[in-house]
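S.K.: Need the 3D shape of this:
(chains A and B)
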Amino acid sequence: MGSDPEFAQGVATSLLDLVGSTPLVELPRLSPRPDVRLYAKLEGQNPSGSIKDRIAKAMLDAAEATGELAPGRRLLEPTSGNTGIALALAARLRGHPLTCVVPANVTAERRRLLELYGAEIVDSPGEEGSNGAVRLALSLAEQDSGYFMPFQYANEANPRAHYEGTGAEIADALDRVDVLVAGLGTGGTLMGAGARLRESFPDVVVAAAEPLPGDEVMGLRSLEDGYVPPLLDVSKLDRKLLVTNAEAVAGLRLLLEREAVLGGVSSGAVVHAALHLADELDEGVIVCVLADGGWKYLSADFWDADDAESAMERSVWW
Amino acid sequence: MATIRIPPTLRAEVGGARELAANGSTVSDVIDDLVARFPALEAQLLRDGELADFVNVYVRGEDVRTRDGLDTEVRDGDQLILLPAMAGGCFGVRPRGV
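M.R.: Residues are numbered from 1 along each chain as shown, chains lettered A, B, ... in the order given. Below you'll find the predicted structure:
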């Protein structure tokens, strides 16, 4: 924020100054009993609409500070989702061109959003999903040293953004946190916010909601083609819950019907996991990190489909 | 008796089955039962007697690594799910041929 007295307080000089400090709202109508208090951290309120604005900004800040990311240097990142969109926004404002490596079968609206924010797109084999995009991006970066790859899966600025931001904001806002629930992707939110909350609330249970992929998206030749993000230390998770697409959609519908919160698919999964964990508590405070809003999913068929699993084509949605 | 969901990458090792039944009161017992019948699974699932890093096993919808690992209790009628570790952040990707 500028300190010029000519400008009213609350006027930002850049969209990037508006990243973080997201609202925390109580969800009393979702709580299974009055002594279990549920809160949602609304990360969809970030400038590009998701929690990934935090790490996009943090990864560029860190690389610019070390000089590794010189002015105008091209960025390369494997992503078909929120990280690509967040990086595209941040890269445009900071003057860096961006190439996203995206599975060829990514939905049209993801591709369109990336293009509108100015990203160049390179396709990776669709049947290899995100693991294939990671592999291709790593090999492109190896062949051409002109690229700078933030690489959210291994960049320490990712969990640090959640330690200093997401986690600190929750710890400052609440006197007590018993359970933190967030979606598992790179592991950044869970590792960073989890570590920060453990400092304030040593007994906090850090719980991951993880997508159950359909057979069709597991186009791996062997289990060894699997990928564990280097940032993710499973020993730092207290719970790791598998959530089906149908369960995530049920969570989304509850969130919308009871609390009028329009969440993205991973938010539905987080709510589902949170309610499962709430059943184990007589009393306590559960914080759900809702990574994005439902706006980017409006064209999807699952909102009112009887068979959400079929409507989602057994894809992975976060 | 528990059922075990087999991911596509392991089906060749088990004669193409998508799901198998197996006996055991812990995850370790169930895997031993499977490996006794399908020895090629051992090299895919285990490293030095522990679950390989790229393999996730879930009992009642929860990763056994955040429960009691291979000692996690398996009850009659439970479903176990075997999955390869997948990178997150790939939402919006449609499956093959769609």
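S.K.: hey, let's count contacts and neighbours off CA atoms from now on
M.R.: Will do.
S.K.: ranges for the strands of chain B?
M.R.: Secondary structure of chain B, counting by DSSP state E: strands at B:2-5, B:19-22, B:46-47, B:50-51, B:55-59, B:62-63, B:79-84.
S.K.: which ones are touching the most centrally placed residue in chain B?
M.R.: The centre of chain B sits closest to B:Leu82, judged by CA atoms, centre = their mean, with a distance of 2.4 Å. Counting by CA atoms under 8 Å, 6 or more residues apart in numbering or on different chains, B:Leu82 touches B:4-7, B:55-58.
S.K.: ok so, going back, closest one to B:Ala36 among the strands of chain B?
M.R.: If you check each of the strands of chain B against B:Ala36 by CA to CA, strand B:19-22 wins as the nearest, at 10.5 Å.
S.K.: so which of the contacts of B:Leu82 are also by chain A?
M.R.: B:7, B:55, B:58 (CA under 8 Å from any CA of the partner chain).
S.K.: what number of residues lie near B:Thr66?
M.R.: As a burial measure, B:Thr66 scores 18 neighbours (other CA atoms under 10 Å in any protein chain shown).
S.K.: residues near the nearest residue to A:Phe148 once chain neighbours are set aside, how many?
M.R.: In space, and not counting its chain neighbours, A:Phe148 is closest to A:Leu75: 4.8 Å by CA to CA, 6 or more residues apart in numbering or on different chains. Around A:Leu75 there are 23 other residues, counting by other CA under 10 Å.
S.K.: you'd agree A:Leu75 is up against A:Asp144?
M.R.: No. Under the criterion of CA atoms under 8 Å, A:Leu75 makes no contact with A:Asp144, lying 11.6 Å away.
S.K.: Read off the pLDDT value for A:Lys52.
M.R.: On pLDDT, A:Lys52 comes in at 96.
S.K.: Next: A:Phe148.
M.R.: For A:Phe148, pLDDT reads 96.
S.K.: Roughly how far does the residue nearest to B:Val55 when sequence neighbours are not counted sit from A:Val270?
M.R.: What sits nearest to B:Val55 in space, not counting adjacent residues and going by CA to CA, 6+ apart, is B:Pro84, at 4.9 Å. Noted for B:Pro84: a distance of 21 Å to A:Val270, by CA to CA, to the nearest Å.
S.K.: Using CSV, please lay out the strands of chain B together with mean pLDDT and distance to A:Leu262.
M.R.: Converted to CSV, the strands of chain B look like this (pLDDT from 0 to 100; distance: least, CA to CA, whole Å):
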stretch, mean pLDDT, distance to A:Leu262
strand B:2-5, 95, 33
strand B:19-22, 95, 36
strand B:46-47, 90, 42
strand B:50-51, 90, 39
strand B:55-59, 94, 30
strand B:62-63, 96, 27
strand B:79-84, 92, 30
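S.K.: In a markdown table: those strands, plus distance to B:Arg37.
M.R.: Listed next are the strands of chain B as a markdown table, based on distance: least, CA to CA, whole Å:
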| stretch | distance to B:Arg37 |
| --- | --- |
| strand B:2-5 | 14 |
| strand B:19-22 | 10 |
| strand B:46-47 | 15 |
| strand B:50-51 | 18 |
| strand B:55-59 | 19 |
| strand B:62-63 | 24 |
| strand B:79-84 | 17 |
